[in-house]
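Peer 1: Take a look and give me a structure for this.
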Amino acid sequence: MMAAPKLKPLLKRMRRRPRLRGRIATTITGQGDAEIRIISWNLLHSVGASIRDVLTLLEREKPDLLLMQEATQEIDQLPDLVGGYYARSPLPGRIHGVACWSRTPFSRAPRTCVIPSGMIVRRIAQIIRLPSLTVANVHLSHGQIMNRRQLRRLSAILPAPAAILGDFNLVGPTLVPGFSDVGPRAPTHRMVDLVPIRIDRCLIRGAVCENAEVLPVFASDHRPIMVTLRPGVAVSAAHEETTTPAE
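Peer 2: I've put the predicted structure just below:
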């Protein structure tokens, strides 16, 4: 049996109203907590989005929480330039990693979670505790078996309400029981600069997604996704996760 993971102390904007695809049986009770606007963006370290691009995004979209993948030491300037609360977790042996910025204080300092990894890159997730939601910021492996295994590991340790966002490097259904894929269905990346695919995702449990969109920002090879989540809503849903042409 595997040991439990260790936790350490601008084109036209595309919008969609998220919906469960396939067979649906859903019950929603309660009003839930206040909405949280979250952006996730793979910055493409060194040659992609700069600190100036990140500042422009924050100013224009005004998210409550910004999640970044392939963030380098340059992004550490963020709290000095705009205030807020920030943490970065470099990938082991790499100059980049996952980072987060919040407009309001974290409920506890973001922690690094070791997840299953392939032979080349050791992967981690950043666990962010907000007053009403626990968020995992991820940059998963390219292997389609491994990245699903990484998601299942995280799903087992995150308390509801929870969300997993980031660069999944995953094509097709995520196959994570108890979580709904509510991110935008539009492509977020072009594989080998040719094939449009949707690999930047958002999974949620114990919450509903009020809105999801791909943002018209092209400083990186990934386009940011933005979701508006309402945690604390009781949701019971049975559905089949299906793919779209963008996947």
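Peer 1: Give me the pLDDT for R190.
Peer 2: Note for R190: predicted pLDDT of 88.
Peer 1: Make residue 1 into 47 and carry on from there
Peer 2: All set: I'll call the first residue 47, so the last point we hit is now R236.
Peer 1: Can you report how many residues lie near it?
Peer 2: For R236, the neighbour count with other Cβ atoms under 10 Å is 13. To be clear about C-beta, it is placed using only N, CA and C from the backbone, and glycine gets the same treatment.
Peer 1: so what's the spatially closest residue to R195 that is not a sequence neighbour up against?
Peer 2: Distance criterion Cβ to Cβ, 6 or more residues apart in numbering; nearest residue to R195, sequence neighbours excluded, is P162 at 5.3 Å. P162 sits next to 48, 169, 192, 195-196, 199 when contact means Cβ atoms under 8 Å, 6 or more residues apart in numbering.
Peer 1: swap in I121?
Peer 2: Going by Cβ under 8 Å, 6+ apart, the list of residues near I121 reads 89, 97, 100, 114, 134, 145.
Peer 1: if we go to 6 Å?
Peer 2: A145 (Cβ atoms under 6 Å, 6 or more residues apart in numbering).
Peer 1: Look at it and report its pLDDT.
Peer 2: The model's pLDDT for I121 equals 98.
Peer 1: Secondary structure of the residue nearest to R195: a strand, I assume?
Peer 2: No: going by DSSP: H, G, I helix; E, B strand; the rest coil, the assignment for P162 is coil, not a strand.
Peer 1: Now for the contacts of P162: which two are most distant?
Peer 2: Farthest-apart pair in these is M48 and R169; separation 14.6 Å (Cβ to Cβ).
Peer 1: Have a look at the two and say which one is more surrounded.
Peer 2: R169 (20 against 7).
Peer 1: Confirm for me that that one is in contact with S163.
Peer 2: Yes: contact criterion Cβ atoms under 6 Å: R169 and S163 qualify, at 4.5 Å.
Peer 1: Any figure for the gap between the residue nearest to R195 and R194?
Peer 2: 10 Å (Cβ to Cβ, to the nearest Å).
Peer 1: and whatever helix or strand D126 lives in, how far out from the chain's middle?
Peer 2: Using DSSP states H and E, D126 falls within helix 124-128. Computed by Cα atoms, centre = their mean, to the nearest Å, the chain-centroid distance of helix 124-128 equals 22 Å.
Peer 1: tell me which residues in that helix are buried?
Peer 2: Residues L124 are the ones in helix 124-128 that count as buried (16 or more other Cβ atoms under 10 Å).
Peer 1: just stretch 256-267 next, same as before
Peer 2: By 16+ other Cβ under 10 Å, the buried positions in stretch 256-267 come out as 256-261, 263, 265-267.
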